[in-house]
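A.B. asks: build me a structure from this.
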Amino acid sequence: MSTRPSTPAADQYETGPSTQTVALVTGANSGIGCATVIALLGRGASVVATVRTQKAEDALRQQLLDADVATGELTIEHLEVSDAEAAQRIVDMHRPDVVVNNAGSAGLGAVRDVSDDDALRQFAELVVAPVRLARLASVHQIERGGGRIVNVSSVLSEAQIPFTGWYGAAKAALESVSDTLRIELAPAGIEVVTVQCGAVDTDAWETAGDEVRSGTDSLTADARRRWDELTALARPHFAPPAEVAEVIATAALDPRPRPVYRVGFGSALGPATRFAPRWLGDAVARHVLGLNDEKEQEVNGSENRITIETDRRHVFETLVDPSTYPQWLVGSQMIRAVDPDWPAEHSKFHHRIGVGPATVPGSTSVLELEQDTVLELGAGMGPFGEARVRFTLESDGDTTVVTVEEEPRHGPIRAAWKVLRPAVRMGLWGRNAVSLNSLRDVVLDRLDE
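C.D. replies: Residues are numbered from 1 along each chain as shown. Modelled structure (predicted):
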């Protein structure tokens with residue numbers, strides 16, 4: 001690509017000894033941006049770091065000084081990424097081999113709390129501005145026979161988490177354009193790479209909770225408070241900016257980059273959402289944040305609870321009738337056979353678990369049965385172990401309160417429960433939430449027949 005003079009530092013992007021890569025990094029004053037500048041300088045690149053203000057430049061220089069980073073190959077430019085003329089001037093001046101589009105802030109809050117102007121500003125900053133820089137840089141990169149664009153994105157482009165809606169939408173748009181641009185620029189030898197970040201421990205989190213809580217949407221008031229509390233609990237597990245920066249530097253300089261890199265706390269959540277049913281993700285999010293409607297059950301610890309407006313005999317008849325399972329029991333579409341003496345104790349139904357073709361056989365047995373009161377199942381998960389699922393029915397006048405409790409009994413799933421208990425519990429809540437609501441509908445439909 002570039003034929004710039006070499007420096008003593010080894011160049012990681014060019015394969016020859018007589019070249020050096022020039023990398024333009026936006027939003028470089030702190031967090032991921034600053035760490036990326038350090039990582040690129042450490043790998044021998046010549047870095048053009050952009051910041052918005054003189055104060056931001058001073059902050060960057062101080063951080064580099066504190067980190068004892070040699071800055072001989074560093075140039076700092078002032079750039080507001082939405083300023084098209086300034087972007088043109090800086091790109092034409094430095095003709096970067098690599099552009100790292102990192103600048104941008106997350107506009108958080110309930111969708112109903114975000115104004116049109118704020119939503120448009122988010123897209124201008126996170127979609128239009130980085131694509132503009134890519135377009136401008138591509139002119140010079142085409143002349144040299146190649147180059148690279150690295151767009152820093154977020155797992156929120158795929159994982160829909162309340163109060164991040166507009167930010168996630170903007171990042172999803174950026175990834176969509178990146179995918180298209182990668183195909184369009186391939187004939188010119190220009191590679192377009194996405195780095196999809198999970199949660200990263202930057203200063204932005206200092207004000208994120210206040211931003212979410214400050215909304216006025218009455219539907220989500222309690223959930224916004226809970227979001228803030230859960231984020232504070234999870235923050236010790238967030239990835240340090242330096243870890244993310246090393247991945248960005250690899251995406252920028254590796255001779256054969258992948259189209260997408262993932263790094264940071266929860267970065268695997270995006271791909272996981274492709275395999276999990278949408279209703280499950282919705283249910284987990286609602287129950288974790290308390291975004292339930294009045295008909296949905298309460299969640300307390302490892303329990304789910306729902307009230308059904310009929311006597312418990314009718315509920316129990318539906319609960320133990322295997323012919324109703326495909327209508328309400330999550331995963332029941334893969335039931336293969338039911339023992340003829342079901343629901344006697346130790347009787348079983350046989351099934352498969354998994355997603356698509358990746359399924360394994362299992363069976364679920366009756367561990368305890370008390371007429372009209374208790375049904376306890378041992379839910380077999382093949383090589384993953386077994387979980388205990390206990391349905392309890394209590395009469396409350398003309399209504400029945402159904403409670404389901406679930407926990408692993410043995411096998412790898414039990415080990416995962418101990419290590420990943422909050423995540424496993426969230427999954428159980430979501431799945432059992434859907435089952436209980438469907439059970440209620442089936443019971444009431446049968447009464448109407």
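A.B. asks: quick check: the nearest residue to A268 once chain neighbours are set aside vs L181, distance?
C.D. replies: Ranked by CB to CB, 6 or more residues apart in numbering and with sequence neighbours excluded, the top spatial neighbour of A268 is R262, at 6.9 Å. (Glycine included, C-beta is placed from N, CA and C.) Separation of R262 from L181 (CB to CB, to the nearest Å): 19 Å.
A.B. asks: can you name the next helix or strand after the worst-scoring helix or strand of the chain on mean pLDDT?
C.D. replies: Lowest by mean pLDDT, DSSP states H and E among the helices and strands of the chain is strand 298-300, with a mean of 43. As assigned by DSSP states H and E, the chain's next helix or strand after strand 298-300 is strand 303-308.
A.B. asks: for the helix or strand hosting L40, the averaged confidence score.
C.D. replies: Using DSSP H and E, L40 sits in helix 31-42. Mean pLDDT, helix 31-42: 95.
A.B. asks: and A23, bridged to which residues?
C.D. replies: With DSSP bridges as the criterion, A23 is bridged to V47, V98.
A.B. asks: what do you get for E303?
C.D. replies: N300, E405.
A.B. asks: so it sits against T403, correct?
C.D. replies: Yes. With contact defined as CB atoms under 8 Å, E303 counts as touching T403 (5.6 Å).
A.B. asks: just the helices in the stretch 201-350 of the chain please.
C.D. replies: 205-213, 221-234, 241-253, 269-275, 278-289, 312-319, 325-328 (DSSP state H, counting those that start in this stretch).
A.B. asks: distance to K55, mean pLDDT and mean neighbour count added to those helices, as JSON lines?
C.D. replies: Output for these, formatted as JSON lines (distance: least, CB to CB, whole Å; pLDDT from 0 to 100; neighbours: other CB atoms under 10 Å):
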{"stretch": "helix 205-213", "distance to K55": "17", "mean pLDDT": "86", "mean neighbour count": "16"}
{"stretch": "helix 221-234", "distance to K55": "27", "mean pLDDT": "85", "mean neighbour count": "16"}
{"stretch": "helix 241-253", "distance to K55": "20", "mean pLDDT": "96", "mean neighbour count": "23"}
{"stretch": "helix 269-275", "distance to K55": "35", "mean pLDDT": "72", "mean neighbour count": "14"}
{"stretch": "helix 278-289", "distance to K55": "36", "mean pLDDT": "72", "mean neighbour count": "18"}
{"stretch": "helix 312-319", "distance to K55": "65", "mean pLDDT": "92", "mean neighbour count": "19"}
{"stretch": "helix 325-328", "distance to K55": "59", "mean pLDDT": "84", "mean neighbour count": "17"}
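A.B. asks: which one of those helices lies closest to K348?
C.D. replies: helix 325-328 (13.1 Å; CB to CB).
A.B. asks: now do the closest one: which elements does it pack against?
C.D. replies: With contacts taken as 3 or more CB pairs under 8 Å, 6 or more residues apart in numbering; DSSP states H and E, helix 325-328 sits against helix 421-448.
A.B. asks: run the angle between the helix it packs on and helix 312-319 for me.
C.D. replies: Interaxial angle, helix 421-448 versus helix 312-319 (axes from the mean of the first three to the mean of the last three CA atoms, to 10 degrees): 110 degrees.
A.B. asks: ok, the residue of the chain positioned farthest from its centre to R390 distance?
C.D. replies: Residue farthest from the centre of the chain, counting by CA atoms, centre = their mean, is D341 at 44.7 Å. Distance, D341 to R390, using CB to CB: 21 Å.
A.B. asks: chain center to stretch 359-379, what's the gap?
C.D. replies: 34 Å (CA atoms, centre = their mean, to the nearest Å).
A.B. asks: and for stretch 232-248?
C.D. replies: Relative to its parent chain, stretch 232-248 has a centroid offset of 14 Å by CA atoms, centre = their mean.
A.B. asks: could you do stretch 435-449 as well?
C.D. replies: 34 Å.
A.B. asks: what's in contact with it?
C.D. replies: Contact with stretch 435-449 is made by 295-297, 304-306, 308-310, 314-315, 318-319, 324, 327-330, 402, 404, as judged by CB atoms under 8 Å, 6 or more residues apart in numbering.
A.B. asks: so what are the domain limits for the protein?
C.D. replies: 22-274, 279-448 (automatic domain parsing).
A.B. asks: so the closest residue to A337 other than its chain neighbours versus M334, what's the distance?
C.D. replies: Nearest non-adjacent residue to A337, counting by CB to CB, 6+ apart: H350, 4.8 Å away. The gap separating H350 from M334 is 10 Å, by CB to CB.
A.B. asks: pull the CA atoms of the helix or strand harbouring R352 into PDB?
C.D. replies: Using DSSP H and E, R352 sits within strand 348-355. Extracted in PDB, the C-alpha atoms of strand 348-355 (Å, rounded to 0.1, in the frame of the first residue of the first chain):
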ATOM      1  CA  LYS A 348     -41.100 -40.300  31.000                       C
ATOM      2  CA  PHE A 349     -41.500 -38.400  27.800                       C
ATOM      3  CA  HIS A 350     -38.600 -38.600  25.300                       C
ATOM      4  CA  HIS A 351     -37.400 -35.600  23.400                       C
ATOM      5  CA  ARG A 352     -34.500 -33.800  21.800                       C
ATOM      6  CA  ILE A 353     -32.900 -30.500  22.900                       C
ATOM      7  CA  GLY A 354     -30.800 -28.000  20.900                       C
ATOM      8  CA  VAL A 355     -31.100 -25.700  18.000                       C
END
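A.B. asks: in that strand, what's buried?
C.D. replies: 348-349, 351, 353-354 (16 or more other CB atoms under 10 Å).
A.B. asks: what of stretch 384-404?
C.D. replies: Residues 384-393, 400-404 are the ones in stretch 384-404 that count as buried (16+ other CB under 10 Å).
A.B. asks: of all those residues, which two lie farthest apart?
C.D. replies: So, those by CB to CB: farthest apart are F384 and T400, at 32.1 Å.
A.B. asks: name the spans of this protein whose pLDDT lies under the cut-off.
C.D. replies: 1-19, 275-276, 279-280, 287, 292-302, 331-333, 354-358, 413, 415-427 (pLDDT under 70).
A.B. asks: so what strands line up beside the strand or helix carrying V152?
C.D. replies: Per DSSP H and E: V152 is located in strand 147-154. Strand 147-154 has the following sheet partners, assigned by DSSP bridges: strand 98-101 (parallel), strand 190-197 (parallel).
A.B. asks: just the CA trace of it, in CSV.
C.D. replies: What follows is strand 147-154 as a C-alpha-only set of coordinates in CSV (Å, rounded to 0.1, in the frame of the first residue of the first chain):
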residue,chain,number,x,y,z
GLY,A,147,-6.0,0.5,2.3
ARG,A,148,-8.2,-0.3,5.2
ILE,A,149,-11.2,1.0,7.1
VAL,A,150,-11.9,-0.2,10.6
ASN,A,151,-15.3,0.7,12.0
VAL,A,152,-15.7,0.3,15.8
SER,A,153,-19.2,-1.0,16.5
SER,A,154,-21.1,-2.6,19.4
